[in-house]
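Asks: how would this look folded up:
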Amino acid sequence: MRIGIPWVARKMMTTTSPTIEISQNGDSWTIKTSSLMSSSHSTFKLSEEYEETMMGGRSIKVCFHNSTKLNLQTHK
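Replies: From the prediction side, this is the model:
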C-alpha cells in the first residue's frame, strides 16, 4: 500500500529515531509519536475502527485488535 509520503521526507525520517509513548486510560489507548519532522497522536479503543490522518493529509481507517499477546493493526 502506498501512503504518499514524499521521498525527501522518507529519507529524513530514516536518519532519526522517533519517541513513542503508549498509554491506557480505562478502555481507551493513546499512542503519541514525536520525531524531528512531526508529532502525532491517536486515541482508540481495541476492535473499534477510527479515522486517522496521515502525515501527508490523507485519511485512512484504522482498527487495532488484540490477539493473544499480539496487537494487530489493520488499514483500509
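
Asks: per-residue pLDDT, residue 10?
Replies: Listed pLDDT for residue 10 reads 77.

Asks: correction: the previous question concerned residue 45.
Replies: For residue 45, pLDDT reads 92.

Asks: who's in contact with it?
Replies: For residue 45, the contacting residues are 27-29, by Cβ atoms under 8 Å, 6 or more residues apart in numbering. To be clear about C-beta, it is placed using only N, CA and C from the backbone, and glycine gets the same treatment.

Asks: in this structure, what residue spans correspond to strands?
Replies: In the chain, the segments counted as strands under DSSP state E are 19-25, 28-34, 39-45, 50-53, 59-67, 70-75.

Asks: just the residues contacting the second one, thanks.
Replies: Counting by Cβ under 8 Å, 6+ apart, strand 28-34 makes contact with 18-24, 39-46, 64, all of which sit outside it.

Asks: just the buried ones among those, please.
Replies: By neighbour count, with 16 or more other Cβ atoms under 10 Å, the contacts of strand 28-34 hold 44, 64 as buried.
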